[in-house]
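A.B. asks: Would you be able to build a 3D model of this:
(2 chains)
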There are 2 protein chains.
Amino acid sequence: MTTPHGLALAAAPDDSDLAIARATPLRPILPLAEQRLGLAAEALIPYGHQIAKLSHATLASLGERPPGRLVLVSAMSPTPAGEGKTTTSVGLCDALNRRGVSTAVCLREPSLGPCFGLKGGAAGGGRAQVGPMEAINLHFTGDFHAITAAHNLLAALLDNHLYWGNALAIDPERVVWTRVLDMNDRALRRIEIARGTDPRAVPRETGFEITAASEVMAILCLAEDLDDLERRLGRIVVAWRRDDTPVTAADLEAQGAMAVLLKDALQPNLVQTLEHNPAFVHGGPFGNIAHGCNSLAATRAALALSEVVITEAGFGADLGAEKFIDIKGRQAGLYPDAAVLVATLRALKYHGGASREALGEPDVAALEAGLANLDRHLSILRRFGLEPVVALNVFAGDSAAELARVEAHGRDLGATVVTCRHWAEGGAGAEALAAEVVSRLQGEAPRVVPLYGDDLPLAEKLECIARELYGAVGIDLSPAAREQLARFTAAGHGHLPVCIAKTPFSFSDDPRRLGAPEGHRLTVREARLSAGAGFVVALCGEIMTLPGLPREPAAQGMGLDAWGEISGLC
Amino acid sequence: MTTPHGLALAAAPDDSDLAIARATPLRPILPLAEQRLGLAAEALIPYGHQIAKLSHATLASLGERPPGRLVLVSAMSPTPAGEGKTTTSVGLCDALNRRGVSTAVCLREPSLGPCFGLKGGAAGGGRAQVGPMEAINLHFTGDFHAITAAHNLLAALLDNHLYWGNALAIDPERVVWTRVLDMNDRALRRIEIARGTDPRAVPRETGFEITAASEVMAILCLAEDLDDLERRLGRIVVAWRRDDTPVTAADLEAQGAMAVLLKDALQPNLVQTLEHNPAFVHGGPFGNIAHGCNSLAATRAALALSEVVITEAGFGADLGAEKFIDIKGRQAGLYPDAAVLVATLRALKYHGGASREALGEPDVAALEAGLANLDRHLSILRRFGLEPVVALNVFAGDSAAELARVEAHGRDLGATVVTCRHWAEGGAGAEALAAEVVSRLQGEAPRVVPLYGDDLPLAEKLECIARELYGAVGIDLSPAAREQLARFTAAGHGHLPVCIAKTPFSFSDDPRRLGAPEGHRLTVREARLSAGAGFVVALCGEIMTLPGLPREPAAQGMGLDAWGEISGLC
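C.D. replies: Sure thing, here's the model as predicted:
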């Protein structure tokens, strides 16, 4: 490869994601969009030569088109390293395009802050990546920065309201709106603000969360258009009064200015896979305290412009697929036409009891034991009316016998298991998966329905998920959570779907209970209202909303080389 | 005008800046750059269709070209409303281009946060504006967001270092590095962080400042290139040890990751005036605690690409021009070839004692009294070796007799005073000014030199500015400031230039002492070291580095109309 100065750059020392990404020149995005999506240059807003947003006018013009078919990529319970949902989504997109099926992939935007903690970006991996990788992992098109600004404007307006006399009678001790930044900065988790001697100041304890945890992020990802965005922003509950009535962003007249800040960010970002297929990378809400899917705006645009759209949802099917259907699907009336369930030998062994260090070693006993975790996720997707293709994502060194064992297990359960090698081979490695997905899409469309009705009380919605999907025998609400759910219901939010924030490593609220636990009870510690996003969050166990940096942060190894190229980022 | 949907939009109700901006279609920036600056599309990085950055490769290729001539626009002491330096810079650029002189204007980027406090943007005004106005006033190309992220990464690394055992022996009570955000949020001025029960946590009091006040902003605006940027970032002093030795960003190994975050932001932004002339809008450091000029990168690029470059420096000549020459000029070896001094009847009357409410009324006595302020600024520029053209910026309703009085006063002083009507008429209104500037540039180049040498001790540098430019009889250092200057000198920073942070409304440190006070003493309350930017800040009087919102913030009136157009921003 050559630098912008035309100098030959030494190849990176290994087959790292970065080395592969740098060795693959990307195409200019405007001609690619014209050729592959039929979008003229005026329909797009370029951000550099390899990234563009679809303009609001373009989005409005797409509404009339018949949508393509939607494929949801979910996964079994992961190991801490993740099982490759993003790479599988990218590989499947590339494989479908190889077969001549016009396909786009929709992914979440990575968060900037965590890049400075542990080394590693989030734009796929190996030969199944989207690019430009470094730009996507850094500021990209500024969406996260816009969300940060909109979130913090609301916080500033709230404290300013307290400062100028508190006409809305907000209880300063019951402000629930935090501030956010896109940085791993544990010192900001708990802070006291408005210190000093100004007699008008109202000091109070509050905290920062990471931008991906902001309700504004969830709202941006669920909004149908600018009008819907502004209405949702107005519904955000920022605080409560002593009489238990809520104070909203609309009460602070904040939603218009917030929408102004988010106007550009609502427009989906278009990039490309390393095989030059269209990729929408837009929005990145947490998968625990939010619904963990890319933006609805991106999904709808991709569906209007492609025959098939691949999308992913955070964590395993217990979290991501459930929330995709019960939150995003329910709100948007948009359900998958097919599903892929990603599994790995590593995750099967992890959930069968193997130690993290030994996951690369053959261990049939652990593998056998771990199959129960896969089965539980399969049954979750079936419960929703989806018969998934199991994509067995192959890592270098995986044992052929073990792979065959999983395929045989699939046959026993009436499920198709397909081994995939897209990480090493790109789209060519996922052709069998693509063939299976195409045959599913040619059959009768599944009838996907949410798990519960809007009218079920909030606690019963939680109980329904815990019993029917998690294998629990019931839920235990803390006194605080019980009071919160009652208050949210009294304030008119009992009809909302619920969003369970629990560990992704277990069907229980204990990350050490791997496999497919049964008979446990799910403890709900706290409930939070996301009235603008349109769900009630139930926190089970400790959920970190602002990560810290490790003892030796990845930031310390980063820099620019003599050609201005970034080193140490990914 | 029409919206992106092709709908006719009702004209805005008045001749507001916004109405004029919307009524003037902008040209696509890539063809404009090719036609006017000879830059091919590949030399630029587009951000939408009307904004582009010049790439680092382009910047590197410009180094060989002979530079054009630089015109510095300064002003007399302002009223709180400002006297129109930006509009005069834009109008002069347009007028020079009308005469066939290839001219670009270089301006500072406006800050986002203040837009939500008081209504009004910062991209010129009337028919002397740069566009796209709304994008420039909102996220623009994300430069401020990148600076915020880089600044806060350094803060996170510092507190993370304290958390993991403080191997550098930082005194937690002598951390001088704050956090920043681009928002008017007074509740964050004084905060306590790292609260809670974690035994590793090191709670301490600190605060946020607005992004424009960040030393990272000043560094970005003074850096020659990426290498220089990274070196300067490494020199930032973030804290002191008990033994009075400094701890730097390089000690925390932060400068590489910060440079990664700032890589794109260092590239100058190209936009256009409403008359379609090239405008570089890049960097926006405060004019009090920093040097108040657009980026050196933009100024150098503009000089390489144009015959003449117009640039402005914050506040009056006492602050902006002094810092342009003593800080930016000294560091870069780049001095103005000509100067313009903006004056208004309003400011002359204000400094002659008229009340703020009566500045629009004829008042010859106040005008006469206020001329002393103009004279002082004229003498400051002459002291530096510049003979400025006085641009008398005409407001609607200004009295012809009063304008003539100022012209006559100019003749008495041997100075040329030119009335300018660019706000109402665009470049056509500044043709006389342009003619005068061209004749100055055709004469012998002035020999501009900084006021003092590097070797003068820091306190004597302050005394020199106070005596020779402010009319003071001396300075008084607080005990804290005296200790700080001694400590900075002991740490090897005594050779740096000084940056006086004082009110822009007076030559003293008291904003009520208008006109041209004499015999006063300048009190230096505190000194701060900006070792990366390369200056020592002397704070005189109260300097606000994080504004608050007013009782009725402008944010409350903002929103998007049915076509997605912004209302209430400017």
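
A.B. asks: and the residue nearest in space to the middle of chain A, how far is that from residue B:271?
C.D. replies: Residue closest to the mean C-alpha point of chain A, counted by Cα atoms, centre = their mean, is residue A:292 at 3.1 Å. The gap separating residue A:292 from residue B:271 is 38 Å, by Cβ to Cβ, to the nearest Å. No exception for glycine: its C-beta is placed from N, CA and C like everyone else's.

A.B. asks: likewise residue A:229?
C.D. replies: Using Cβ to Cβ, we find residue A:229 at a distance of 27 Å from residue B:271.

A.B. asks: With residue A:53 instead?
C.D. replies: Summarising the geometry, the distance separating residue A:53 from residue B:271, computed by Cβ to Cβ, is 19 Å.

A.B. asks: more neighbours, those two?
C.D. replies: Comparing residue A:53 with residue B:271 by neighbour count (other Cβ atoms under 10 Å in any protein chain shown), the higher total belongs to residue B:271, at 27 against 22.

A.B. asks: what sits up against the helix or strand where the more buried one lies?
C.D. replies: Residue B:271 belongs to strand B:269-273 when assigned by DSSP states H and E. Contacts with strand B:269-273, where a contact means Cβ atoms under 8 Å, 6 or more residues apart in numbering or on different chains, come from B:26-27, B:29, B:32-33, B:37, B:44, B:47, B:50-54, B:90, B:93-94, B:105, B:109, B:124, B:128-132, B:136, B:140-141, B:143, B:278-282, B:298.

A.B. asks: What is the three-state secondary structure of the residue in the stretch 251-400 of chain A that chain B sits nearest to?
C.D. replies: Nearest residue of the stretch 251-400 of chain A to chain B, counting by Cβ to the nearest Cβ: residue A:256, 3.0 Å away. Reducing the assignment to helix, strand or coil with DSSP: H, G, I helix; E, B strand; the rest coil, the entry for residue A:256 is helix.

A.B. asks: residues contacting the residue nearest to it when sequence neighbours are not counted?
C.D. replies: By the measure of Cβ to Cβ, 6 or more residues apart in numbering or on different chains, the closest residue to residue A:256 outside its immediate chain neighbours is residue B:559, 3.0 Å from it. Residue B:559 makes contact with A:230, A:255, A:256, A:257, A:259, A:260, B:566, B:567, B:568, according to Cβ under 8 Å, 6+ apart.

A.B. asks: shaky segments in the stretch 101-250 of chain A?
C.D. replies: Scanning the stretch 101-250 of chain A for pLDDT under 70 picks out A:119-121.

A.B. asks: which bits of it sit near chain B?
C.D. replies: Near chain B, the residues belonging to the stretch 101-250 of chain A are A:112, A:116, A:138-139, A:142, A:145-146, A:148-149, A:152-153, A:155-157, A:159-160, A:163-164, A:179, A:181-196, A:201-202, A:205, A:226, A:230 when assessed by Cβ under 8 Å from any Cβ of the partner chain.

A.B. asks: Among the residues you listed, name the ones in helices.
C.D. replies: In this view, these that belong to helices under DSSP state H are A:145-146, A:148-149, A:152-153, A:155-157, A:159-160, A:163, A:226, A:230.

A.B. asks: hmm, which two among the residues you listed are most spread apart?
C.D. replies: Distances among those were taken as Cβ to Cβ; the most separated pair is A:163 and A:226, at 30.5 Å.

A.B. asks: neighbour-wise, which of those two wins?
C.D. replies: Neighbour totals were compared for residue A:163 and residue A:226, and residue A:226 leads with 22 against 18 (other Cβ under 10 Å).

A.B. asks: pretty sure that one is touching residue B:564, no?
C.D. replies: Yes: in this structure residue A:226 lies within contact range of residue B:564 using Cβ atoms under 8 Å: 5.5 Å.

A.B. asks: Give me the common contacts of the two.
C.D. replies: Taking Cβ under 8 Å, 6+ apart as the contact criterion, the residues that touch both residue A:226 and residue B:564 are A:56, A:263.

A.B. asks: which among the contacts of strand B:269-273 end up buried?
C.D. replies: By neighbour count, with 16 or more other Cβ atoms under 10 Å in any protein chain shown, the contacts of strand B:269-273 hold B:26, B:29, B:32-33, B:37, B:44, B:47, B:50-54, B:90, B:93-94, B:105, B:109, B:124, B:128-132, B:136, B:140-141, B:143, B:278-282, B:298 as buried.

A.B. asks: Report the buried residues of stretch A:470-490.
C.D. replies: Using 16+ other Cβ under 10 Å, the residues of stretch A:470-490 that count as buried are A:470, A:471, A:472, A:475, A:477, A:481, A:484, A:485, A:486, A:487, A:488, A:489.

A.B. asks: roughly how far apart are the fourth one and residue A:466?
C.D. replies: Which is residue A:475. Going from residue A:475 to residue A:466 by Cβ to Cβ gives 5 Å.

A.B. asks: Need the overlap of contacts for the two.
C.D. replies: Between them, residue A:475 and residue A:466 have A:521, A:522 as joint contacts when contacts are counted by Cβ under 8 Å, 6+ apart.

A.B. asks: quick one, helices of the stretch 401-550 of chain A?
C.D. replies: Listed in chain order, the helices of the stretch 401-550 of chain A (DSSP state H, counting those that start in this stretch) span A:422-425, A:431-442, A:458-468, A:479-488.

A.B. asks: how about the ones you listed in TSV, adding mean pLDDT and distance to residue A:84?
C.D. replies: Putting those into TSV (pLDDT from 0 to 100; distance: least, Cβ to Cβ, whole Å) gives the following:
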stretch	mean pLDDT	distance to residue A:84
helix A:422-425	96	7
helix A:431-442	97	12
helix A:458-468	98	26
helix A:479-488	98	35
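
A.B. asks: most tightly surrounded among these?
C.D. replies: For those, the largest average neighbour count (mean count of other Cβ atoms under 10 Å in any protein chain shown) is found in helix A:422-425, namely a mean of 22.

A.B. asks: what sits up against that helix?
C.D. replies: Counting contacts by Cβ under 8 Å, 6+ apart, the residues touching helix A:422-425 from outside are A:84, A:87-88, A:90-92, A:94-95, A:125-128, A:393-396, A:429-430.

A.B. asks: So residue A:302 is in contact with residue A:107, correct?
C.D. replies: No: taking Cβ under 8 Å as the definition, residue A:302 is not a contact partner of residue A:107, at 10.5 Å.

A.B. asks: Report the contact partners of residue A:532.
C.D. replies: With contacts defined as Cβ under 8 Å, 6+ apart, residue A:532 is in contact with A:215, A:216, A:218, A:219, A:232, A:233, A:234, A:235, A:236, A:249.

A.B. asks: at 7 Å instead, please
C.D. replies: Under the criterion of Cβ atoms under 7 Å, 6 or more residues apart in numbering or on different chains, the contact partners of residue A:532 comprise A:215, A:219, A:232, A:233, A:235, A:236.

A.B. asks: cool, and residue A:538?
C.D. replies: For residue A:538, the residues meeting the contact criterion (Cβ under 7 Å, 6+ apart) are A:462, A:498, A:500, A:501, A:524, A:527.

A.B. asks: let's see 8 Å
C.D. replies: Residues in contact with residue A:538, defined by Cβ under 8 Å, 6+ apart, are A:462, A:481, A:498, A:499, A:500, A:501, A:524, A:526, A:527.

A.B. asks: The third one: what's its closest spatial neighbour, skipping adjacent residues?
C.D. replies: Counting by Cβ to Cβ, 6+ apart, residue A:461 is the residue found nearest to residue A:498 once chain neighbours are left out, at 4.6 Å.

A.B. asks: if we can go back for a sec, find out how far whichever helix or strand comes after the strand holding residue B:271 is from the centre of the chain, if you would.
C.D. replies: Remark: after strand B:269-273, the chain's next helix or strand is strand B:278-281, criterion DSSP H and E. Between the centre of strand B:278-281 and the centre of its host chain there is 14 Å, according to Cα atoms, centre = their mean, to the nearest Å.
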